[in-house]
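Student: What follows is a predicted structure for the sequence shown.
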Amino acid sequence: MSAPSIHKGLTGIVVDTTEVSMVNPETNSLTYRGYPVQDLAEKCRFEEVAYLLWYGELPTPEQLAVQSEAERAHRALPADLVLTLLSLPETAHPMDTLRTAVSILGAHDPHEDDNSLEANRAKALRLFAALPAVVALTQRRRHGLLPLAPRDDLGYAENFLYMTFGEVPEPVIVRAFETSLVLYAEHSFNASTFTSRVVTSTLSDLYSAVTAAIGALKGPLHGGANEAVMTTFEEIGTAGGTEAWLAGALAEKRKIMGFGHRVYKRGDSRVPTMRRALQEIAELRDGHHLLDLYEALARAMHDAKGLHPNLDYPAGPAYHLIGFDTPVFTPIFVAARITGWTAHIAEQLADNSLIRPSSAYTGPTERMISGSGPR
Ligand SMILES: CC(=O)SCCNC(=O)CCNC(=O)[C@H](O)C(C)(C)COP(=O)(O)OP(=O)(O)OC[C@H]1O[C@@H](n2cnc3c(N)ncnc32)[C@H](O)[C@@H]1OP(=O)(O)O
Ligand SMILES: O=C([O-])CC(=O)C(=O)O
């Protein structure tokens, strides 16, 4: 019998089709349902992009109004959920708090196991509406502040920032934050989305799939990298220390977070747009030292390894300058990616096949237990 070929990490393996988004590393392009992500970031509110991912078309003003009304109605967290989240240890990572919140929301949903498209769209909208309140709660708790009630006179991004900081920041900041949400919303069969599809393929429920996806996103090789980028900048200190720091880190064979990508080998299609958003935030928030560090490390990485930044690289410092604590960065990614995950969950259910790959066994050959009778 010839040895099977092993596809470690499933690199390059096409496991299914998708209509949700297309990542093209040849042209460095990313489209959601056919629309270039840069155009969506420039021209659309995040709520419109969510609708596009779920329904396949941009909403009419009437469709957007109906969705916005429902989203605003579901922004507040149930009081018992707030109490449970506040009872978690203060040392809990905000991603753990978020994962727990989704799990509890599922346990409270009497329609949890209804996998119809209609029921799952309703659940997706409720999670989309509620996650900013969870992220805001975790940030405020870290500063000894109580959660704030949402405001239904504000758009999604404005309300997200209001609930976190107690005021709506300058329009430039709101727009830059919204840009990050649009860019983070969807990216084909990345590890967390694939995780959500694996869970869904067993005909489990949407909350279980999202909870598992949050676990996958937390890792530093995936969404957790946006937090790790800030840790790196803090370690380096100033742009002048970059080359010495990088030489040491590479000598220790460390992975430099925020660089490299499984699909893009010539640069991440989303980085130029997020880099511009970071620049706008930095100009308003006195962040030139971070921009200098950003450029110094990007240059040094290119020279040393030929690697380009991925989206987490500009997103990390952007969130820092907006005022979020580092452990809250990946939860923001979750709040954005809930749109893509739930679009993929619906697509998986529409044409399901249990995802169960094969493995090549390399353990001991078959053997006998020594002696006779029970051991
Ligand atoms: C939104 C997102 O999730 S984007 C990804 C966020 N993750 C990160 O930023 C973490 C840092 N990056 C990485 O670890 C990787 O680039 C990954 C996991 C993203 C992609 O990995 P893969 O496609 O498996 O590439 P792989 O790990 O095989 O790398 C190829 C080579 O480049 C090196 N390399 C890749 N990324 C990095 C990095 N960030 N720092 C240092 N070396 C790197 C690898 O060590 C490997 O070198 P080798 O051939 O000498 O062993
Ligand atoms: O596609 C990937 O592997 C990771 C990524 O950039 C994302 O999920 O946004």
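Tutor: Happy to help now that I have it. Ligands and ions are numbered 1, 2, ... in the order given.

Student: could you point out where the chain is predicted with low confidence?
Tutor: Across the chain, the stretches falling below the confidence threshold (pLDDT under 70) are 1.

Student: what residues does it put near ligand 1?
Tutor: Taking C-beta under 6 Å from any ligand atom as the criterion, the neighbours of ligand 1 within the chain are 9, 221-223, 225, 255-262, 305, 307, 310-312. (C-beta placed from N, C-alpha, C; glycine too.)

Student: ok, Thr11 touching His261?
Tutor: No - Thr11 is not in contact with His261 according to C-beta atoms under 8 Å; the separation is 12.0 Å.

Student: neighbour-wise, which of those two wins?
Tutor: Each of Thr11 and His261 had its neighbours counted (other C-beta atoms under 10 Å), and the higher figure belongs to His261 (21 against 8).

Student: before we move on, what SS does that one have?
Tutor: coil (DSSP: H, G, I helix; E, B strand; the rest coil).

Student: and it, what is it in contact with?
Tutor: Applying C-beta atoms under 8 Å, 6 or more residues apart in numbering, we find His261 in contact with Asp268, His308, Asn310.

Student: Just say helix, strand or coil for Pro59.
Tutor: On the three-state scheme (three-state DSSP), Pro59 is labelled coil.

Student: Excluding chain neighbours, give the residue nearest to it in space.
Tutor: Spatial nearest neighbour of Pro59, chain neighbours left out: Tyr51 (4.3 Å); criterion: C-beta to C-beta, 6 or more residues apart in numbering.

Student: So what's the residue count around that neighbour?
Tutor: Tallying neighbours of Tyr51 according to other C-beta under 10 Å, which is how burial is gauged here, yields 23.

Student: Show me what the host helix or strand of it packs onto, helices and strands only.
Tutor: Tyr51 belongs to helix 46-55 when assigned by DSSP states H and E. If you count contacts as 3 or more C-beta pairs under 8 Å, 6 or more residues apart in numbering; DSSP states H and E, helix 46-55 packs onto strand 29-32, helix 37-43, helix 61-73, helix 117-141, helix 156-165, helix 171-184, helix 329-350.

Student: Not counting its own residues, what contacts the second one?
Tutor: Applying C-beta under 8 Å, 6+ apart, the set of residues contacting helix 37-43 from outside is 30-32, 48-49, 52, 179, 182-183, 269-270, 272-273.

Student: for the helices and strands packed on helix 46-55, which one sits closest to Gly371?
Tutor: For Gly371, the closest of the helices and strands packed on helix 46-55 is helix 329-350, at 48.6 Å, according to C-beta to C-beta.

Student: That closest one near ligand 2 at all?
Tutor: No - residues of helix 329-350 contacting ligand 2 under C-beta under 6 Å from any ligand atom: none, with a closest distance of 7.2 Å.

Student: For the residue of the stretch 201-350 of the chain found nearest ligand 2, list the residues it contacts.
Tutor: Using C-beta to the nearest ligand atom, the point where the stretch 201-350 of the chain gets nearest to ligand 2 is Arg262, with a distance of 4.6 Å. By C-beta under 8 Å, 6+ apart, the contact set of Arg262 is Gly9, Thr11, Asn190.

Student: Does Ser208 touch Leu105 like I think?
Tutor: No - judged on C-beta under 8 Å, Ser208 makes no contact with Leu105 at a distance of 11.6 Å.

Student: if you count what's nearby, which of these two comes out ahead?
Tutor: In this comparison of Ser208 against Leu105, neighbours counted by other C-beta under 10 Å, the higher total goes to Leu105 at 22 against 18.

Student: how about the more buried one, phi and psi?
Tutor: Here the main-chain torsion angles of Leu105 (degrees, to the nearest 10) amount to phi -60, psi -40.

Student: can you check Asn24 too?
Tutor: When read as degrees, to the nearest 10, the backbone of Asn24 gives phi -120, psi 100.
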